[in-house]
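Novice: Whatever this is, show me its structure:
(one chain, ligands or ions: 1)
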Amino acid sequence: MPRAPALVLALALVACGSKKPTPTPMPTPAEMPPPVAAGTAPPAEERPGSDVLAASALAEQYEVGKEVYAKACASCHGDKGEGNPKNPAVVGDGALPENVTFPKAKLRKGVTFQTAKDVFDFIKKNMPLDKKGSLSDDEYLAVLAWDLNENKVVLDAKLTAANLATIKLR
Ligand code: HEC
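Specialist: Reported below is the predicted structural model:
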């Protein structure tokens, strides 16, 4: 079997290969976009700001508080917290007074409401009047956050055990 044609063919292939256009050079590391690992957080400018997160946590707490109020408090204090002769108002002008104004008050005698913590301690100990202390701390915080907001004590972050005492009622 003659070997020449095979050699010619091989040479032709090599020659052909060398005529291929030179490939564009690989980008150097400096030119490559930074690698993005799967599951890592997007750059800061694409993440919601911490104030946005705080606002949504607070909005959620108000919603929970509204539900807690409807279930555990409204039967006595009224649907809108307006009160009645047997139960003091918890929403509206004169609600959450620094010194008690409700004529039939017994439990609140001598208790001052200056900060959110004063109200929290009072409701956790005494409310709902017919089931004292029956809610979780988170539920007391939520119902209080809702009540403060209804009384125009506007919070800028979720009410917590840690910030209760820093929130002045007036
Ligand atoms: C069974 C009726 C009843 C229920 C339910 C009830 N309360 Fe009361 N609440 C009262 C009465 C009566 C007082 C007055 C107590 C006193 O000072 O002797 C009061 C007092 C208060 C006060 C103090 C108001 C003031 O001006 O002194 C707050 C705040 C309050 N309740 C919040 C709540 C919250 C929040 C809930 C639901 C978790 C709740 N209450 C459920 C009857 C009720």
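Novice: Just name whatever secondary elements the strand or helix carrying residue 143 is in contact with.
Specialist: Secondary structure from DSSP states H and E places residue 143 in helix 137-150. On a contact count with 3 or more Cβ pairs under 8 Å, 6 or more residues apart in numbering; DSSP states H and E, helix 137-150 meets helix 50-72, helix 116-126. Where you see a C-beta, it was placed from the backbone N, CA and C, and this is true even at glycine.
Novice: Any idea which of those gets closest to residue 142?
Specialist: helix 50-72 (3.7 Å; Cβ to Cβ).
Novice: which one of the helices and strands packed on helix 137-150 has the most crowded surroundings?
Specialist: helix 116-126 (a mean of 18; mean count of other Cβ atoms under 10 Å).
Novice: End to end on stretch 148-156, go ahead and measure it.
Specialist: End-to-end span of stretch 148-156 (Cα to Cα, to the nearest Å): 12 Å.
Novice: quick check, it touching the ligand?
Specialist: No: using Cβ under 6 Å from any ligand atom, stretch 148-156 stays clear of the ligand, coming no nearer than 10.1 Å.
Novice: May I see the buried residues of that stretch?
Specialist: Buried positions in stretch 148-156, judged by neighbour count with 16 or more other Cβ atoms under 10 Å: 148, 149, 150, 151, 153, 155.
Novice: Which residues of this structure lie near the ligand?
Specialist: With Cβ under 6 Å from any ligand atom as the criterion, the chain meets the ligand at residues 72-73, 75-77, 87-88, 90, 97, 100, 102, 105-108, 119, 123, 127-130, 143.
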